[in-house]
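Asker: Please find the sequence and the predicted model below.
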Amino acid sequence: MKHINPIVLDFETSGLDLNTSGIWQIGAIDLNNPDEFFLEEGRIDEDDLIDNNALEVVGKTEEELRDKNKQSQKQLFERFLNWMKGRPVRNFLCQGPQWDVSWLIIRTKKYGLNKTFHHRSFDLHSIAQMKYKNVIGEFLIDDDHSDMNLSKIIEFCGLKEERKIMIKEKVVQEGKPHNALEDCKLEGECFFRLVYGENIFPEFKEFEVPEVLRKQ
């Protein structure tokens, strides 16, 4: 039976504030055909601010994010939205779609671009919490909030967290710089393991799908 799946979406930004930060890298993978992906970079706008913590996580400098030789942020969005036109399913899958999709809406409005995506999105966080509750018997909660971040999802899905991790402006794990396409692959792999109990990307085949996720 052929699965009908969403598009995994991830951004690399100059900070966490949707109104003052910029997007310099967009990654996306069509899970209906994993060979169909988008990965491009652009320079952030002149009025976009940069958070040093964001530079730390992605291993970039301010000069790289403002490189005049790169396409503008508007051009980056135009090319991404054009790529979206050819997708059979135009719903996104994100770890926190309320954040990622908000970026898209704000920027498409700023640049006067037409949206080529649907407003409904798949939330990997919620999918993981529901699966976790089915397996463990309760949601993963820390004090007064959900503790199901992407690192916890990666662990639950039997994968290895190899990215640099910062929590409250402190590096708690050294590792690989964040990359939008690589994060899309991680999220897409977790989605397939949680929903179908299957591996999808060859680079994660060495990590066995946990038995509790194979029992569908």
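Answerer: Thanks, I have it.
Asker: Now do the same contact list for the closest residue to I165 other than its chain neighbours.
Answerer: Leaving aside its chain neighbours, I165 sits nearest to Q173 (4.1 Å; criterion: CB to CB, 6 or more residues apart in numbering). Where C-beta positions appear, they are placed from N, C-alpha and C, glycine not excepted. Going by CB atoms under 8 Å, 6 or more residues apart in numbering, Q173 touches 161, 163-165.
Asker: From N5, how far off is Q173?
Answerer: Distance, Q173 to N5, by CB to CB, to the nearest Å: 30 Å.
Asker: So which residue of this protein lies furthest out from the middle?
Answerer: Residue farthest from the centre of the chain, counting by CA atoms, centre = their mean, is G137 at 27.2 Å.
Asker: ranges for the strands of this protein?
Answerer: For the chain, the strands defined by DSSP state E occupy 7-13, 23-30, 37-41, 92-94, 121-123, 141-142, 145-146, 165-167, 170-173.
Asker: can I get those strands in JSON lines with distance to G188 and mean pLDDT?
Answerer: What follows is the strands of the chain, written out as JSON lines (distance: least, CB to CB, whole Å; pLDDT from 0 to 100):
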{"stretch": "strand 7-13", "distance to G188": "4", "mean pLDDT": "96"}
{"stretch": "strand 23-30", "distance to G188": "6", "mean pLDDT": "97"}
{"stretch": "strand 37-41", "distance to G188": "10", "mean pLDDT": "98"}
{"stretch": "strand 92-94", "distance to G188": "7", "mean pLDDT": "97"}
{"stretch": "strand 121-123", "distance to G188": "11", "mean pLDDT": "97"}
{"stretch": "strand 141-142", "distance to G188": "26", "mean pLDDT": "93"}
{"stretch": "strand 145-146", "distance to G188": "21", "mean pLDDT": "94"}
{"stretch": "strand 165-167", "distance to G188": "20", "mean pLDDT": "76"}
{"stretch": "strand 170-173", "distance to G188": "22", "mean pLDDT": "75"}
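Asker: Quick one: list the elements packing against the longest helix seen in the chain.
Answerer: Longest helix of the chain, by residue count under DSSP state H: helix 180-196. With contacts taken as 3 or more CB pairs under 8 Å, 6 or more residues apart in numbering; DSSP states H and E, helix 180-196 sits against strand 7-13, strand 23-30, strand 37-41, strand 92-94, helix 124-136, helix 150-156.
Asker: go with 10 Å
Answerer: For helix 180-196, the packing partners by 3 or more CB pairs under 10 Å, 6 or more residues apart in numbering; DSSP states H and E come out as strand 7-13, strand 23-30, strand 37-41, strand 92-94, strand 121-123, helix 124-136, helix 150-156, helix 211-214.
Asker: A54: which of those is closest?
Answerer: Ranking those by proximity to A54 (CB to CB) places strand 7-13 first, at 6.3 Å.
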